[in-house]
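J.: Any chance you can model this:
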Amino acid sequence: MIDVCLLGTGGVMPLPGRWLSSVLIRHNGKMILLDCGEGTQVPLKMAGWGFKAIDAVLFTHYHGDHVAGLPGLLLTIGNSERTEPLILAGPPGLKKVVEGLTVIAPELPYELRLVELPDDNEAETVINDLTIKSIPADHTVPCLCYSLILKRQGKFDINRARELDIPVRYYKQLQNGHEVVIGDRVIKPGMVIGPERKGIKVSYCTDTRPTGAIAEFVCDSDLFICEGMYGSNEDMEKAVQKKHMTFTEAAEIAKKARVREMWLTHYSPSLTEPGKYIGDARKIFPVITSGCDLLMKTLRFDS
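T.: Okay, the predicted model is just below:
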């Protein structure tokens, strides 16, 4: 299973009662943070999931409302007695940004491992059993959208295992993907494990205009967390100019991508009551929530 916490929902600047857009993903006791704007430590503390188990921070881009909270976070993680390396990943320019921000967070008790992801094609890596995919967004600076996928192997075919006369003591090894040797036979996992089943997919997309590539990328997500900078289509001119989205544009992506559920986030500071604008978006895609700080959900495999 995957736990998801929408730490903050604001864009541009933190407001009383609304922190900047950030998402925390937890799986198997380990965590990944997506974006880290000014003050992200506060909702992190309020969520109660701790700091030490954050193994990676993924940045969509390097505008201040997505990265300015990094130095304080790094120091807090250091104070939690972490010594294992911490991964920082994002589009090109990461090294320069981190070097600048860590001037005020020197001598950390753990290593920072920087991973620059391409902003011109899709990329994939694995962190804590989660497959992390990214594609370029359409913003005013290099920007990425992310999908985090927990894969699920095929079902163990116990009848087939019995037909092959495999002792029960070898079942777990095969389920863990290891072949076993029984006498003069080599038994491979694929001989007793069926095709890969549907896993869990969480996608995160902020600071972009809608594109067909994004809809394809987030397709079939169990949860799609997407920016809704502007609630009304009357702000479409600003959305186009500043390369953001309206609620209904985000809903169109969710509909096209056939996601199960969408949370809106990254609201303009002027959008003080985003819930008032959710109606038109729900006409396009009904399973949509106007995200709020510290909104949480646990996603589980289909039965």
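
J.: what about the closest residue to S21 other than its chain neighbours, how many residues close to it?
T.: Once flanking residues are discounted, S21 sits nearest to H266: 4.3 Å by CB to CB, 6 or more residues apart in numbering. Yep, even glycine has a C-beta here, placed from its N, CA and C like the rest. Applying other CB atoms under 10 Å, we find 29 residues neighbouring H266.

J.: what sits against H266?
T.: 9-11, 21, 206-207, 227-229, 244 (CB atoms under 8 Å, 6 or more residues apart in numbering).

J.: again with L73
T.: 33, 36, 40-41, 44, 51, 54, 57.

J.: ok, and it, which helix or strand is that part of?
T.: For L73, the enclosing helix or strand under DSSP states H and E is helix 70-79.

J.: Next: K238.
T.: K238 belongs to helix 236-242 when assigned by DSSP H and E.

J.: who touches that helix?
T.: 140, 209, 229-230, 244-246, 249.

J.: repeat for stretch 162-174
T.: Contact partners of stretch 162-174, identified using CB under 8 Å, 6+ apart, comprise 156, 158, 161, 180, 182, 187, 189, 191-193.

J.: This protein: helices as residue ranges?
T.: For the chain, the helices defined by DSSP state H cover 41-47, 64-67, 70-79, 94-101, 158-163, 171-175, 212-217, 236-242, 247-257, 278-284.

J.: If we go by neighbour counts, what in the first one is buried?
T.: Under the neighbour-count criterion of 16 or more other CB atoms under 10 Å, helix 41-47 has 41-44, 47 buried.

J.: same deal with the shortest one?
T.: By 16+ other CB under 10 Å, the buried positions in helix 64-67 come out as 65-67.

J.: Where does pLDDT dip in the protein?
T.: Low-confidence segments of the chain (pLDDT under 70): none present.

J.: Can you give me the first-to-last residue distance of stretch 258-273?
T.: Taking CA to CA, to the nearest Å, stretch 258-273 runs 27 Å from one end to the other.

J.: same thing with stretch 81-97?
T.: Start-to-end span of stretch 81-97 (CA to CA) is 25 Å.

J.: For it, what is the distance to the chain centroid?
T.: Taking CA atoms, centre = their mean, to the nearest Å, the mean C-alpha location of stretch 81-97 is offset from the chain mean by 16 Å.

J.: Go ahead and name everything in contact with it.
T.: Under CB under 8 Å, 6+ apart, the answer for stretch 81-97 is 51-52, 54-62, 67, 70, 74, 77, 98, 109-119, 125, 127, 132, 136, 142-144.

J.: Could you rerun that using 6 Å?
T.: 52, 56-59, 62, 109-117, 119, 142, 144 (CB atoms under 6 Å, 6 or more residues apart in numbering).

J.: Quick one: buried ones out of these?
T.: Listed as buried from those are 56-59, 62, 117, 119, 142, 144; burial here means 16+ other CB under 10 Å.

J.: Dump these to JSON lines, plus distance to D222.
T.: Shown next, in JSON lines, are the buried ones among the contacts of stretch 81-97 (distance: CB to CB, whole Å):
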{"residue": "A56", "distance to D222": "20"}
{"residue": "V57", "distance to D222": "22"}
{"residue": "L58", "distance to D222": "18"}
{"residue": "F59", "distance to D222": "23"}
{"residue": "Y62", "distance to D222": "28"}
{"residue": "L117", "distance to D222": "23"}
{"residue": "D119", "distance to D222": "26"}
{"residue": "P142", "distance to D222": "27"}
{"residue": "L144", "distance to D222": "20"}
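
J.: quick check: domain ranges of the chain?
T.: Domain segmentation of the chain under automatic domain parsing yields 2-153+196-299, 155-195.

J.: What's the end-to-end length of the shortest one?
T.: When you say that, I think you mean domain 155-195. Terminal residues of domain 155-195 are spaced 7 Å apart (CA to CA).

J.: same deal with the first one?
T.: Using CA to CA, the end-to-end distance of domain 2-153+196-299 comes out at 5 Å.

J.: For the stretch 51-200 of the chain, just list every one of the strands.
T.: 54-58, 86-90, 112-116, 123-127, 130-136, 144-152, 180-182, 185-187, 197-205 (DSSP state E, counting those that start in this stretch).
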